[in-house]
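Asker: Sequence and computational prediction follow.
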Amino acid sequence: MTEDQPIISVRGLKNAFGEQVVHEGLDLDVRRGEIIGVVGGSGTGKSVLMRSIIGLQTPVAGEVHVFGENTVGTDATEAVEVRKRWGVLFQGGALFSTLTVSENVQVPLKEFYPGLNPVLLQEIAAYKVVMTGLPADAAPKFPSELSGGMRKRAGLARALALDPELLFLDEPTAGLDPIGAAAFDELTQSLQKTLGLTVFLITHDLDTLYAICDRVAVLADKKVIAVGTIDELLALDHPWIQEYFNGPRGRAAIDSAQRAESTRDPAEQQREGAMRD
Ligand SMILES: Nc1ncnc2c1ncn2[C@@H]1O[C@H](COP(=O)(O)OP(=O)(O)OP(=O)(O)O)[C@@H](O)[C@H]1O
């Protein structure tokens, strides 16, 4: 695939559970290197969309390509090469409670590289743990011994185990206090920059959208009704979009994003401006 081809391309997606149609004619492109936020009311099918992209949900109709490879209806063996290239943080972290943090991180490593020796496995896991801002002594702990924020980081460490190019995050800041959520956003952004990741991020968190998302895709009426920067979305007169971004919580998030921008190191702002130019 070429550099400017979308990393994820979804066309004409339809998902249904019995009579309930969740998606119909859904299209979405995710560009290389972007953090795309996916928003929509509860039950609009954000998680089902993610599951369809990573091959955990077989759609009724439509096409999904990731890195130019079809991910619909492929069996586990066919999908191995493409699955190695993404990492997933499921809603709630989904850590195995009977395994330590280190063992959790080793799960995908053992699955995809069964021959790796135990010392190397431990070293890789220890590195991933520290990379997500956890103290090194979190590695031998069980998830129940960690705070909610630490569990999220442990889940992220596992998602990063295989050095993915693409990261899926399903509501990573849900349940975190505002300080913990902001710290997780910063971590996501710094990892995205350092590792050159593309990030598909499902969230209800307006602060996250303003702080780190390059574009936002809005799910409503069974499809992606709009994709763009928040400014571009604000220019649309769809009632849900206006209510979401221009309601009291949306405006508070804008204010807080503007305050954060104005207190940022001017040298850093200048550097970013220069990079954009
Ligand atoms: N395995 C399943 N079997 C039956 N229905 C399902 C299944 N998975 C999802 N659904 C239904 O599909 C719809 C979309 O679910 P999904 O979890 O994707 O919503 P969401 O947008 O992620 O919601 P939330 O923001 O509340 O997490 C819901 O009505 C849900 O009940």
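Answerer: Great, that's in hand.
Asker: any low-confidence regions in the stretch 151-277 of the chain?
Answerer: For the stretch 151-277 of the chain, applying pLDDT under 70 flags the ranges 250-254, 258, 260-277.
Asker: for it, what spans make up the strands?
Answerer: 166-170, 198-202, 215-220, 223-228 (DSSP state E, counting those that start in this stretch).
Asker: Could you export those as TSV, including mean neighbour count and distance to the ligand?
Answerer: From N, CA and C alone the C-beta is placed, and that goes for glycine too. Shown next, in TSV, are those (neighbours: other CB atoms under 10 Å; distance: least, CB to the nearest ligand atom, whole Å):
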stretch	mean neighbour count	distance to the ligand
strand 166-170	23	8
strand 198-202	24	6
strand 215-220	22	7
strand 223-228	18	12
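Asker: Dump those into JSON lines; add distance to Gln5 as well.
Answerer: Formatted as JSON lines, the strands of the stretch 151-277 of the chain follow (distance: least, CB to CB, whole Å):
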{"stretch": "strand 166-170", "distance to Gln5": "13"}
{"stretch": "strand 198-202", "distance to Gln5": "12"}
{"stretch": "strand 215-220", "distance to Gln5": "17"}
{"stretch": "strand 223-228", "distance to Gln5": "16"}
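Asker: What residues does the chain have near the ligand?
Answerer: When proximity is defined as CB under 6 Å from any ligand atom, the chain approaches the ligand at 17, 22, 40, 42-48.
Asker: Max pairwise distance over these: which two?
Answerer: The largest separation in the residues of the chain next to the ligand, counting by CB to CB, is between Phe17 and Gly40 at 16.8 Å.
Asker: and these two? which has more neighbours close in?
Answerer: Gly40 (20 against 10; other CB atoms under 10 Å).
Asker: show me what contacts that one?
Answerer: Listed by CB atoms under 8 Å, 6 or more residues apart in numbering, the contact set of Gly40 reads 46, 218-220.
Asker: For it, which non-adjacent residue is closest in space?
Answerer: Counting by CB to CB, 6 or more residues apart in numbering, Gly40 lies nearest to Leu219, which is 3.1 Å off, once chain neighbours are set aside.
Asker: Can you check which helix is longest in this protein?
Answerer: Longest among the helix segments of the chain by residue count, using DSSP state H, is helix 178-195.
Asker: where exactly do the helices run in this structure?
Answerer: Taking DSSP H as the criterion, the chain carries its helices at 46-53, 76-83, 101-112, 118-131, 148-159, 178-195, 206-212, 230-234, 239-246, 248-262, 266-276.
Asker: out of these, nearest to Asp170?
Answerer: Comparing the helices of the chain by CB to CB, helix 46-53 comes nearest, at 5.9 Å.
Asker: How far off centre is the closest one?
Answerer: Taking CA atoms, centre = their mean, to the nearest Å, the mean C-alpha location of helix 46-53 is offset from the chain mean by 11 Å.
Asker: so it versus strand 166-170, what angle?
Answerer: 150 degrees (axes from the mean of the first three to the mean of the last three CA atoms, to 10 degrees).
Asker: which helices and strands does helix 46-53 pack with?
Answerer: In terms of contacts (3 or more CB pairs under 8 Å, 6 or more residues apart in numbering; DSSP states H and E), helix 46-53 is packed against strand 8-17, strand 20-30, strand 35-40, strand 61-66, strand 166-170, strand 198-202.
Asker: Next, the buried residues of the second one.
Answerer: Meaning strand 20-30. For strand 20-30, burial by neighbour count (16 or more other CB atoms under 10 Å) applies to 22-24, 26, 28-30.
Asker: for it, what is the average pLDDT?
Answerer: For strand 20-30, mean pLDDT is 96.
Asker: How about residues contacting that strand?
Answerer: Applying CB under 8 Å, 6+ apart, the contact partners of strand 20-30 are 6-16, 36, 44-45, 48-49, 52, 59, 62, 198, 200, 217, 219, 222-224, 227.
Asker: same thing with the last one?
Answerer: For strand 198-202, contacts defined as CB under 8 Å, 6+ apart pick out 7-8, 30-39, 46-47, 50, 53, 91, 165-172, 188, 192, 208, 212-213.
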